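Undergrad: Just a sequence and a predicted model for now, questions to come.
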Amino acid sequence: MKLRYSEAFYSVQGEGKFVGVPSVFLRTFGCNFRCMNFGTDEKRDRWQQHADGQRYNPEVLGLLEAGVHEKTTKFEDLPIVHTGCDTYASIYPEFKHFNKQATVDEVVEHILSLTPEGKWTMDNGQDVHLIMTGGEPLLAWQRLYIELFEHPRMQDLKNVTFETNTTQHLKEDFVEYLNTQDKFEVTWSCSPKLSVSGEPWDTAIKPDVARQYSLVDGSDIYFKFVVATEDDFEEVGRAVQEYRNAGIQCPVYLMPLGGRSEEYNLNVKEVAEACMERGWRFTPRLHISLFGNAWGT
């Protein structure tokens with residue numbers, strides 16, 4: 001069995017608890033959400049139906065109608081979109097031919113080649129984190145992750161973060177593995193989607209899923225919400241209460257909406273003030289400030 005991923009790259013973590021930490025990102029292909037409304041003026045239903053029945057953000061649909069997915073030869077040359085999911089090429093099937101399909105051995109060689117010294121723990125004692133991202137990294141690849149983490153060249157790995165939309169239950173064998181391994185720390189960076197994304201509440205807010213993550217032995221969990229308006233702040237409060245009712249008490253981070261520096265900078269101060277008022281934590285989108293919105297950052 002091979003792992004399908006759209007890109008792997010070395011950067012600094014731009015969001016959440018480990019902002020600024022040198023990290024390798026492995027972006028898997030596939031997601032159960034589309035998040036088409038990010039960056040638009042609509043809360044819901046700003047999408048168009050394609051001939052195959054798929055839902056598409058209008059900007060992505062425009063790219064498909066222009067044949068961008070057929071004319072572009074390399075993943076990193078695909079256009080960056082400014083509305084909807086900014087990792088659209090990792091979720092829509094028309095872009096799956098850009099993916100790499102690799103064995104675990106090949107994936108290990110690739111991601112280690114991105115690190116400064118070809119290993120996770122450097123000679124100076126500092127470690128490089130591994131970030132499993134997407135798409136939705138817990139959608140289809142959990143069985144292969146055990147093989148990946150147990151690979152002989154991964155034995156010095158110290159920190160793994162799963163960046164998840166918090167809707168996918170963990171498989172029983174994966175839970176058993178995580179509960180018994182003691183080589184690396186596991187962090188669940190949970191980003192449930194609010195209505196600003198365009199996803200319905202009842203499919204996006206899954207307290208039972210988050211609780212399962214929180215019960216993995218020795219793991220850490222936090223919530224990270226993308227927000228832009230006062231309505232979003234109120235929704236965060238509602239979601240956090242649902243998670244608390246399920247027994248989850250953990251740090252809550254708010255992150256400004258904005259895939260471009262112009263949009264992002266418009267929201268930064270308002271979001272920071274909302275965090276101070278409510279006692280939530282503010283997280284920047286450091287990669288936007290450093291590199292702009294681009295593949296491989």
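TA: Here it is on my side, so go on.

Undergrad: Within the helices and strands, which one has V160?
TA: Under the criterion of DSSP states H and E, V160 resides in strand 159-164.

Undergrad: This protein: strands as residue ranges?
TA: Listed in chain order, the strands found in the chain under DSSP state E are 3-12, 22-28, 48-49, 55-56, 100-102, 129-133, 159-164, 185-190, 220-227, 252-256, 281-282.

Undergrad: what mean pLDDT does the second one have?
TA: Over the span of strand 22-28, the pLDDT mean works out to 98.

Undergrad: Please enumerate the helices of the stretch 151-297 of the chain.
TA: 172-180, 201-204, 207-214, 230-245, 261-278, 286-291 (DSSP state H, counting those that start in this stretch).

Undergrad: Out of those helices, which gets nearest to L64?
TA: Smallest distance to L64 across the helices of the stretch 151-297 of the chain (Cβ to Cβ): 23.4 Å, for helix 261-278. Any C-beta I mention is one placed from the backbone N, CA and C, and that applies to glycine too.

Undergrad: Dump the strands of the chain to JSON lines, plus distance to R244 and mean neighbour count.
TA: JSON lines is the format used below for the strands of the chain (distance: least, Cβ to Cβ, whole Å; neighbours: other Cβ atoms under 10 Å):
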{"stretch": "strand 3-12", "distance to R244": "31", "mean neighbour count": "20"}
{"stretch": "strand 22-28", "distance to R244": "29", "mean neighbour count": "22"}
{"stretch": "strand 48-49", "distance to R244": "37", "mean neighbour count": "12"}
{"stretch": "strand 55-56", "distance to R244": "32", "mean neighbour count": "19"}
{"stretch": "strand 100-102", "distance to R244": "40", "mean neighbour count": "15"}
{"stretch": "strand 129-133", "distance to R244": "26", "mean neighbour count": "22"}
{"stretch": "strand 159-164", "distance to R244": "19", "mean neighbour count": "22"}
{"stretch": "strand 185-190", "distance to R244": "14", "mean neighbour count": "21"}
{"stretch": "strand 220-227", "distance to R244": "11", "mean neighbour count": "21"}
{"stretch": "strand 252-256", "distance to R244": "10", "mean neighbour count": "22"}
{"stretch": "strand 281-282", "distance to R244": "16", "mean neighbour count": "16"}
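
Undergrad: got the buried residues for stretch 171-183?
TA: By 16 or more other Cβ atoms under 10 Å, the buried positions in stretch 171-183 come out as 174-175, 177-178.

Undergrad: Over to stretch 272-280?
TA: Going by neighbour count (16+ other Cβ under 10 Å), the buried part of stretch 272-280 is 274-275, 280.

Undergrad: Closest one of the residues you listed to K224?
TA: Within the buried residues of stretch 272-280, proximity to K224 (Cβ to Cβ) peaks at W280, which comes in at 10.3 Å.

Undergrad: tell me the mean pLDDT over the strand holding V160?
TA: According to the model, strand 159-164 has a mean pLDDT of 98.

Undergrad: Direction included, what does it pair up with?
TA: In its sheet, strand 159-164 lies beside strand 129-133 (parallel), strand 185-190 (parallel), with partners assigned from DSSP bridges.

Undergrad: For the ones you listed, give me TSV that also has mean pLDDT and distance to F9.
TA: Shown next, in TSV, are those (pLDDT from 0 to 100; distance: least, Cβ to Cβ, whole Å):
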stretch	mean pLDDT	distance to F9
strand 129-133	98	10
strand 185-190	98	17
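
Undergrad: which one of these lies closest to I205?
TA: Evaluated over the strands paired with strand 159-164, closeness to I205 peaks at strand 185-190, with 10.8 Å, by Cβ to Cβ.

Undergrad: Hmm, T166 is touching E199, no?
TA: No. Here T166 does not reach E199: they are 11.7 Å apart, not a contact under Cβ atoms under 8 Å.

Undergrad: Those two: which has the busier surroundings?
TA: The neighbour comparison of T166 against E199 (other Cβ atoms under 10 Å) goes to T166, with 25 against 22.
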